[in-house]
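Colleague: Need the 3D shape of this:
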Amino acid sequence: MPRGEIVIFDQHCKGCGYCAKFCARDCITHPSGRYSPQGYILPDFSAPDKCNACGICAWMCPDHAIDVYKLVEAEVAA
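Modeller: This is a model prediction of the structure:
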């Protein structure tokens, strides 16, 4: 199963929580107790082991504050 990694850009996030609300695997926690430089409550990528890089969190983010990366196992040539 593919694994994913997300990056939340604190300076762009306005703390709406859509990423956490629409994450089907509950990989994102909101509120997290962290704050952006502007004072917004930030989400936290709290369960990276569950993430499959579906991208729904990034699609739902109205501020384009999330990038999603699919982690792929490298194959070793014999």
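
Colleague: Would you list the phi and psi of Ile8?
Modeller: phi -100, psi 120 (degrees, to the nearest 10).

Colleague: For it, which residues are in contact?
Modeller: Cys19, Leu42, Pro43, Asp44, Phe45, Ala65, Ile66 (CB atoms under 8 Å, 6 or more residues apart in numbering). Placement of C-beta: from N, CA and C, glycine included.

Colleague: Tell me which two of these sit farthest apart.
Modeller: Largest separation among the contacts of Ile8 by CB to CB: Asp44 and Ala65, giving 13.1 Å.

Colleague: who has more neighbours, those two?
Modeller: Ala65 (23 against 15; other CB atoms under 10 Å).

Colleague: Check the gap between that one and Glu73 for me.
Modeller: 28 Å (CB to CB, to the nearest Å).

Colleague: now do Arg3
Modeller: From Arg3 to Glu73 the distance is 9 Å (CB to CB).

Colleague: again, but for Pro43
Modeller: Taken as CB to CB, the span from Pro43 to Glu73 is 27 Å.

Colleague: neighbour count winner among the two?
Modeller: Neighbour count, other CB under 10 Å: between Pro43 and Glu73, Pro43 has more, with 29 against 7.
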